[in-house]
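Provide a 3D model corresponding to the input given below.
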Amino acid sequence: MLSITNNVFAADGTALFKEKCSSCHKPDKDFTGPALQGWKERQPAGWIYKWVAGPAAVIGSGDKYATELYAKWKGSGMMSNFADLKKDDIDAIMKYVDDFKAPPPGGDTTKPGAGGGDDNSLLFGILTLVLALIAFILLQVNSNLRKLSDEKEGIQRSEPVPAYKNKTYLMVAILVLFCVAGYFFTNAAIGLGRMKNYQPEQPIYYSHQVHAGTNQISCLYCHGGAHDCKHANIPSVNVCMNCHKGINKYEGPDKLEREDGTAVNGTEEIEKLYAYAGFNSATKTYNPDKNGDGMPDGAHPIEWVKIHNLPDHVYFNHSQHIKVGKQQCQTCHGNIQEMPEVYQFAELSMGWCVNCHRESKVDFYNKADSTGNKFYSIYQKFQNQMSDSIFDKKGKKILNPHKMDSVTVEKIGGTECQKCHY
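Next up, the predicted model:
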């Protein structure tokens, strides 16, 4: 029983870490947030529970370690509070962190299904066919044995109908064919317009692994519109040149190669950028504007190939999710800081979005410590239902009578049609 309890405890820690922490943290190395292993040696005893419940409150209290931690990682934004996590939940997560061992290297594991995966559908399909074949053979054996028995006992029976004329066999075959065809047709219809794992080749090889991962450049430096606008926007050539005026060679530790394994010369890709910018790498100056169009001669926009596309009838606002909903880029784009070449990580289907709205919790504004989002103050009634209390007939105080420990986006209208289609 103790062994079973420990296994369940560890499993809960794994699931909780993947659900709550994995978008910003890795156990063994820095990510959007710091590596978590070694946390006991870095933190005061019991500090982790206060921090997880309300990071802003701990910082506001003047806690030295919290202040230093935030100063170091403030480029990644304030960590979300997880007041719904109990002490046992946090212990389970940290036990998973302490016990974590990095998997052996074996190719790109950023894509779903990479490195072997857990999809056994092909195996199940083969087993089904084998069992169906065995069943058919047994039926034939049974028929032959019955025929031999009848001959021995002198029983005369009519000749059996051939399988290709047998109405029962034909009906079963038609039903099986109908089900198989329907399955593939339905999946094909559902998949129309979905482009999961779409990975086009771009005019310049741009590695998010190098920029956002190794060099830890904030997503908002290049995609500033994601915080304040509907669109995340593609950075102009000038944004790239802010750094690459001085960085004209690739000398980073990451190996650059395309999806098919073709090696990429990073310095040559930087030269392509210079050609788009009208920049002379030899003189380190822009080309003169001889034609008077207001740009260096030869300069022209980079024609990036759009990867994440939504239908025209779907409204999606980045700032609504990033600034108000406090979602991380990785929620929709996957571990983009680990991608050498960007691909579409999620289906971005209606069901995928609706499920996210059903699971994502609203971060209500807390007047006591000024944490949370003021936008959600219009849904104050839900916050009251989470915290109020009543007295029963015997005068006993009942806390949280509505049994609500959190409110999801669905509860505030996040699954209404008009939210995304208007």
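
List the buried residues of stretch 83-99.
Under the neighbour-count criterion of 16 or more other CB atoms under 10 Å, stretch 83-99 has L85, D89, I90, D91, A92, I93, M94, K95, Y96, V97 buried. No exception for glycine: its C-beta is placed from N, CA and C like everyone else's.

Keeping just the C-alphas, turn it into PDB.
Taking C-alpha atoms only, stretch 83-99 is exported to PDB below (Å, rounded to 0.1, in the frame of the first residue of the first chain):
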ATOM      1  CA  ALA A  83      -3.700  29.800  -4.800                       C
ATOM      2  CA  ASP A  84      -5.700  26.700  -5.700                       C
ATOM      3  CA  LEU A  85      -2.700  24.500  -5.200                       C
ATOM      4  CA  LYS A  86      -2.600  22.900  -1.700                       C
ATOM      5  CA  LYS A  87       0.500  22.200   0.300                       C
ATOM      6  CA  ASP A  88       0.400  18.500  -0.700                       C
ATOM      7  CA  ASP A  89       0.100  19.500  -4.400                       C
ATOM      8  CA  ILE A  90       3.200  21.700  -4.200                       C
ATOM      9  CA  ASP A  91       5.100  18.900  -2.400                       C
ATOM     10  CA  ALA A  92       4.200  16.500  -5.100                       C
ATOM     11  CA  ILE A  93       5.400  18.900  -7.800                       C
ATOM     12  CA  MET A  94       8.700  19.600  -6.000                       C
ATOM     13  CA  LYS A  95       9.300  15.900  -5.500                       C
ATOM     14  CA  TYR A  96       8.900  15.400  -9.200                       C
ATOM     15  CA  VAL A  97      11.400  18.200  -9.800                       C
ATOM     16  CA  ASP A  98      13.900  16.600  -7.300                       C
ATOM     17  CA  ASP A  99      13.600  13.200  -8.900                       C
END
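
Next, the residues that contact that stretch from outside, please.
For stretch 83-99, the surrounding residues in contact (CB atoms under 8 Å, 6 or more residues apart in numbering) are 9-10, 12-14, 16-17, 20-21, 27, 36-37, 39-40, 48-49, 52-54, 361, 405-406.

With stretch 257-264 instead?
With CB under 8 Å, 6+ apart as the test, stretch 257-264 has contacts from Q199, E201, Y205, K255, L256, P340, E341.

Stretch 350-365 now?
Outside stretch 350-365, the residues touching it (CB under 8 Å, 6+ apart) are 80-81, 84, 325-327, 331, 346, 371-377, 379, 382-383, 386, 406-412, 414-415, 420.

Around K419, count how many other residues there are.
A count of neighbours around K419, defined by other CB atoms under 10 Å, yields 15.

and the residue nearest to it when sequence neighbours are not counted, how far is that from N317?
Closest residue in space to K419, ignoring its immediate chain neighbours: G413 at 6.3 Å, by CB to CB, 6 or more residues apart in numbering. Distance of G413 to N317, given as CB to CB, to the nearest Å: 15 Å.
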